[in-house]
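Engineer: pasting a predicted model and its sequence here:
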Amino acid sequence: MAAACLRLVWLAPLLLGLVDGGRAEPPRDALREELVITPLPSGDVAATFQFRTRWDSDLQREEGTDHYFLRYAVLPREVVCTENLTPWKKLLPCSSKAGLSVLLKADRLFHTSYHSQAVHIRPVCRNARCTSISWELRQTLSVVYDAFVTGQGKKDWSLFRMFSRTLTEPCPLASESRVYVDVTSYNQDNETLEVHPTPTTTYQDVTLGTQKTYAVYDLLDTAVINNSRNLNLQFKWKSPPENEAPPVPFLHAQRYVSGYGLQNGELNTLLYNTHPYRAFPVLVLDTVPWYLRLYVHTLTITSKGKENKPSYVHYQPAQDRLQPHLLEMLIQLPANSATKVSIQFERALLKWTEYTPDPNHGFYVSPSVLSALVPSMVAAKPVDWEESPLFKSLYPVSDSSSYFVRLYTEPLLVNLPTPDFSMPYNVICLTCTVVAVCYGSFYNLLTRTFHIEEPSTGGLAKWLANLIRRARGVPPL
Amino acid sequence: VPPEVVRGKRAALFFAAVAILLGLPLWWKTTETYRAPLPYSQISGLNALQLRLMVPVTVVFTRESVPLDDQEKLPFTVVQEREIPLKYKMKIKCLFQKAYRRALEHEEAALSLGSMQEAETMLAKSQKQAEGSLTVYVISEHSSLLPQDMMSYIGPERTAVVRGIMHREALNIVGHQVIQVAQAMSLTEDVLAAALSDHLPEDKWSSDKRRPLKSSLGYEITFSLLNPDPKSHDVHWDIEGAVQRYVQPFLSALSAVGNFSVDSQILYYAVLGVNPRFDPASSSYYLAAHSLPHVINPVESRLGSSAASLYPVLNFLLYVPELAHSPLYIQDKDGAPVATNAFHSPRWGGIMIYNVDPTVYNASELPVRVEVEMVRVMEVFLAQLRLLFGIAQPQMPPKCLFSGPKSEGLTTWELDQLLWARSVENLATATTTLTSLAQLLGKISNIVIKDDVASEVYSAVAAVQKAAEELASGHLASAFIASQEAVTSSERAFFDPSLLHLLYFPDDQKFAIYIPLFLPMAVPILLSLVKIFLETRKSWKKPEKID
């Protein structure tokens, strides 16, 4: 790669004539970043990063969205690794150098028991009447650190132990840069959980239907970082946390395949509504690959032993090798019940070139997606999205009595009937051998002639036999 | 001889005959890889193609430019040929077809105006010239249109003016001058050598020339602002306006060459790969010329992936150095700072370093607001873009006045030069691809040629021949389009994945399949044939012994 320094000149006079006109300054992008740390009663720690960039642009979206252009795609068995984190980090303006993104080190982030990364792009209205639009890019990363694997059994956590880095300076491009630590029910008198350094402010709100209190550390506030040039949050458990079971969420689900053999099977989804007195509807979206041929007439939904008819069913049948089944239902879950949705299927035989190199491992079925407005026990305040922290948008609240939840069940592993791939070669060998043997007999019949031959006088066999006879002392032949 | 033995021998011979005459060809035919027929002879003929590049030049004589008896001879046409000496297998000849004629009324009127600009405006109104052609006007020796010491003038459109002479050999002298001017405006060895730089053997000739961008259907241009120190500098640039005002006109002038798309980005905390040194004499920092190649690599990973675009990407970076390393200058090989503080890398792009005016720091606290002067920056980037495309400084003949480019930054005949160079490069690439394909097919028997691949090869060969014809007749625009088609078709044929379907079929698998059948069948036949042959030889010898 050769570099050449430039000696240009004759272009200059003509460009100097054009003057840089003064233009209105386009509005700047706004970056907000946030980290929420939640210590769990089991000793694990959950950490969620959110980075939101918003920019105003003239890129206008047409009114409404034609549903013919909506696509839903999922890869059921793809492991997220550093190859996914690196381009994700490149989208951050202050990547790895300042602000909260300093903590994003791949070797610690993937040493966790749960890891989730997301990128969301959407248009947002700039004012109440939505006459102009801004675009928002939101990146979230959630990890759960295991107490025993990562924490080596100790229950004291610090930023350095979790991320092997501490926070040094805020990102100059961020308008907000904060760390929230969930200290619900532990902040009264520092008897169970102690947080270093002492937070200057706290924030209280209703999240996921329960009242929560957060300790707030604002990186843009010079008092927070100034003293020691770095911020290493630490929390110690003064007394062991009470061993009460964590509250069961109001909506949870399970999915499994039942049946035997490689011909048929049954897909079952169990939906649990643990709210004591409120029933609410759930939207279930299922995408089943084409090689599990669903029999929609066998779709049965039962709650508490009785049949439960869904108020809305949308089914799009699969086309072989082109598109999967799409099944969408709106089911009303009665209070304090378990609802079972089951549908039978038949396994298809694929062409021999369509099998993966390890076909006996099985084929993955993507999880079903449940969306619901879950009623909350505690009334929430109406939300001003600009003023509230970013994590409020993870659980959007439309009115004060319920919050929105989207759940994914487990992906399933299903075995398809697998042929023996060595058979074509076996068949060729066997057939060719049989044909050759037949041909040999036929050839012999046609061409063999018998004639009398004089006996031969010896040969190798006779010489070997004489050798053995001499050794035994027996007269030779 | 008992009849049984005869019958046995005859049966064995029939078996052998059927197996060899019927079985072997049948097996061969049914197991060969499918190859649609290709025009091999035409492909090998392409290598020996003689490229003749014709430049149609119209030479217009005004009154009193040459002696009367020469004027009587007009109009007529002369063709002058020149062979371009390049170490390339294709021979390239350059033909200048000079069509001499007398000037028309409005042309006389235009050329008797006072200044060159007015004359050109009047002349441009009359006719539109095809790509690749030139018009040279011959004015009288004493005309005041040109300054006294200048003998010729080259304009921004495809026109030039040459001073005539009253001399016996006027036509020859004027013809010679016209050729000089026409060469400067169209084809020279340098232009073609730069175009064919990938195909010529490495020697001093090609290493001195900067390699221009490879010919492609389009290009993507990315402008990036690198701000390694956002705590000190809050940098703003009006890139949208600058692109619209300065870059878009240039790219529209170049639109015949390909599709262009422009985008821009701002990168923070992006440092150059080299630590600048401090120069106490000027109390500034500098980057030495030999460290420049190492600057680009660490930045490149953050610039955005070129894998996401169909076309080659050109990157133009504007770097605002950190407060700790301000001001930063680039030094050339002799240690003097470069005037424009920028450098470019062939086939990649360019980097310019923008030093913040030190007076800005006095008034305010960090971060200071920096407004980039886009005029200065765009001058440099446009000049680098010209160099990257291989539009070099024109080599003027002696005593020639050059008007300079139009406001877009590109003269029309420079565009023509680019089109010629690109056409020749495309033809060279297409020929190389087709020849390699034909050679590969000869060497490797496992390559499959389907019908659609064969049709692409046929259309590529036809396009190459058409392009060569159009070049020989001087139609540059259609020749360029045909050469692009030739490259596209040949690349599509060569890189088609269906060629590889049977390429790695292992040979031992073939043996494993055929041996259980053919070995048991062949062995008795061969043994019988050997026995028959030996007995026949014995029976020939016996009659000799008897006789």
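Structural biologist: That came in fine, so what should we check first?
Engineer: from here on, contacts and neighbour counts on C-alpha atoms
Structural biologist: OK.
Engineer: count the neighbours of the closest residue to chain A within the stretch 401-547 of chain B for me.
Structural biologist: For the stretch 401-547 of chain B, the residue closest to chain A is B:L517, as judged by Cα to the nearest Cα, at 4.6 Å. Neighbour count of B:L517, defined by other Cα atoms under 10 Å in any protein chain shown: 21.
Engineer: pretty sure it is in a helix, no?
Structural biologist: Yes. Assessed with DSSP: H, G, I helix; E, B strand; the rest coil, B:L517 lies in a helix.
Engineer: let me see the ranges of the strands in the stretch 51-200 of chain A.
Structural biologist: Assigned by DSSP state E, counting those that start in this stretch, the stretch 51-200 of chain A shows strands spanning A:114-125, A:133-145, A:157-158, A:174-182, A:193-196.
Engineer: chain B: which of the ones you listed is closest?
Structural biologist: With Cα to the nearest Cα as the criterion, chain B lies closest to strand A:174-182 of the strands of the stretch 51-200 of chain A, at 10.9 Å.
Engineer: and the pLDDT at the closest residue to chain A within the stretch 101-250 of chain B?
Structural biologist: In the stretch 101-250 of chain B, the residue that lies nearest chain A is B:K231 (5.7 Å; Cα to the nearest Cα). Turning to B:K231, the model gives it a pLDDT of 88.
Engineer: assign a three-state SS to it, would you?
Structural biologist: Under the three-state scheme (three-state DSSP), B:K231 adopts coil.
Engineer: wait, it touches B:R369, no?
Structural biologist: No. Assessed by Cα atoms under 8 Å, B:K231 is found out of contact with B:R369, at 10.7 Å.
Engineer: now the strands of the stretch 51-200 of chain A as TSV including mean neighbour count, distance to chain B and mean pLDDT?
Structural biologist: As requested, the strands of the stretch 51-200 of chain A are exported to TSV (neighbours: other Cα atoms under 10 Å in any protein chain shown; distance: least, Cα to the nearest Cα, whole Å; pLDDT from 0 to 100):
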stretch	mean neighbour count	distance to chain B	mean pLDDT
strand A:114-125	14	17	88
strand A:133-145	20	16	90
strand A:157-158	20	27	84
strand A:174-182	20	11	89
strand A:193-196	18	28	77
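Engineer: pipe those into CSV and attach distance to A:S393 per row.
Structural biologist: Shown next, in CSV, are the strands of the stretch 51-200 of chain A (distance: least, Cα to Cα, whole Å):
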stretch, distance to A:S393
strand A:114-125, 12
strand A:133-145, 10
strand A:157-158, 26
strand A:174-182, 15
strand A:193-196, 26
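Engineer: ok, the residue of the stretch 401-547 of chain B closest to chain A - contacts?
Structural biologist: Residues near B:L517 by Cα atoms under 8 Å, 6 or more residues apart in numbering or on different chains: A:C429, A:C432, A:T433, A:V435, A:A436.
Engineer: now do 6 Å
Structural biologist: A:C432, A:A436 (Cα atoms under 6 Å, 6 or more residues apart in numbering or on different chains).
Engineer: what about it, distance to B:L13?
Structural biologist: 20 Å (Cα to Cα, to the nearest Å).
Engineer: ok so A:L294 is a strand residue?
Structural biologist: Yes. Counting by three-state DSSP, A:L294 falls inside a strand.
Engineer: what's the neighbour count on it?
Structural biologist: Using other Cα under 10 Å, A:L294 is surrounded by 23 other residues.
Engineer: and the residue in chain B that chain A sits nearest to, what pLDDT?
Structural biologist: For chain B and chain A, the shortest gap (Cα to the nearest Cα) falls at B:G8, measuring 4.1 Å. pLDDT for B:G8: 86.
Engineer: now it: closest residue in space, sequence neighbours ignored.
Structural biologist: A:T447 (4.1 Å; Cα to Cα, 6 or more residues apart in numbering or on different chains).
Engineer: for chain A, what spans make up the helices?
Structural biologist: Ranges of helices in chain A, per DSSP state H, are A:12-16, A:82-90, A:106-109, A:159-163, A:222-226, A:423-447, A:460-472.
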